[in-house]
Each structure stands twice: as C-alpha cells, then as structure tokens.
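>>> Kindly return the folded structure for what I paste below:
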Amino acid sequence: MKAISIHPEPVMEILSGKKTEEYRSWTTHYRGPLLICSTAIKTPGCISGHAVCIVDLVDVKKIAEDSYAWIFENVRCIKPFPIKGQRRLYHVPDDRIIEPEAGEFVIEDGEKVVTEEFWQDYYLSLISD
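All right, here's what the predicted structure looks like:
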C-alpha cells in the first residue's frame, strides 16, 4: 500500500476524523487507499513512529503555486505498527497492515467503529505523555 509520513499532531487529527485535508508542496496522480504514518517526533498526546490508519486519497487540489490540498475520506483504524518514515509517497507491504477483525469493531451509521477495548489495547498505550 502507498504510505505517507506526517507529523504526529496532524496524524491524531486525521485518525479522529477532524482533519480531512493535508497540505503539501507537491502533487500526486495517485488516488486510493493511503496508509497514514506518524513521524518519530515525540509529541505529547500523540502517537509517534507508527503507521496508525488508512484513508482514501480522493483528490488533490492546487490551492496556490507549489501548494496542494490532499483530500482524505473514509478513515479506517488498523493495528498500529512501528515504521520508519520516508519522504514523499512510499510503499509498505500489505502483509504489515492488519485491520480490526470481527468483534473488534461495531457498525455505526454504516461505518466500522473500533471498540473501546481495541482503542485501549492498540492506541492508548502508544500515546506519548
């Protein structure tokens, strides 16, 4: 799967669904599933150095010279795993990406929502103090 590394604070906003755009100085023709990875910068209240979720990259809009808004939809939790970030888009083998299994999520308004137990087991322990 294609992946992108982003600073920890915006990654947490993407994970929570609050942030649906990411601004870059470069564009891509790629559209589709995108693994969101948090850089290793230690940031209080954030997860650092891990792949944390999948989004669908649905569009890239030019907003100014050398400024692009990457539009994300459909955030999906995964079982986070350590990863070394890279610049630009890069490839992460699909077998490293594990989505929640039956019993680890519920369906709310037609969307998969991970259970509190999943959140505690896989995300809370990774959040920096």
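
>>> How many residues are close by the residue nearest to M1 when sequence neighbours are not counted?
Computed as CB to CB, 6 or more residues apart in numbering, the closest residue to M1 that is not its neighbour in sequence is L35, at 5.0 Å. In short, each C-beta sits where N, CA and C put it, glycine included. Residues near L35, counting by other CB atoms under 10 Å, number 23.

>>> any idea which element L35 lies in?
strand 32-38 (DSSP states H and E).

>>> Buried residues, that strand. List them.
33-38 (16 or more other CB atoms under 10 Å).

>>> Just the closest of these to I14, please.
Using CB to CB, I36 comes nearest to I14 of the buried residues of strand 32-38, at 5.6 Å.

>>> In space, what's closest to that closest one - neighbours in sequence excluded?
The nearest residue in space to I36 (CB to CB, 6+ apart) is C53, at 5.0 Å.

>>> Let me see the contact set for the one you found.
11, 14-15, 35-36, 75-78 (CB atoms under 8 Å, 6 or more residues apart in numbering).

>>> Then R96?
R96 neighbours (CB under 8 Å, 6+ apart): 51, 81, 83.

>>> Considering the residues you listed, which possesses the most neighbours?
Within these, most neighbours by other CB under 10 Å means A51, with 24 neighbours.

>>> For the helix or strand hosting that residue, the averaged confidence score.
Assessed by DSSP H and E, A51 sits inside strand 50-64. Strand 50-64 carries an average pLDDT of 97.

>>> Give the next helix or strand downstream of that strand.
Taking DSSP H and E, what comes next after strand 50-64 is strand 67-82.

>>> quick one, what contacts I54?
Applying CB under 8 Å, 6+ apart to I54 gives the contacts 1, 33-36, 75-76, 78, 97, 99.

>>> ok now do the closest residue in space to it that isn't next to it in sequence, which residues does it touch?
Distances taken as CB to CB, 6+ apart place R76 nearest to I54, at 4.6 Å, with adjacent residues excluded. Applying CB under 8 Å, 6+ apart to R76 gives the contacts 53-55, 99, 112.

>>> Ok, I47 next?
8, 11-12, 15, 38, 80, 123, 126-128.
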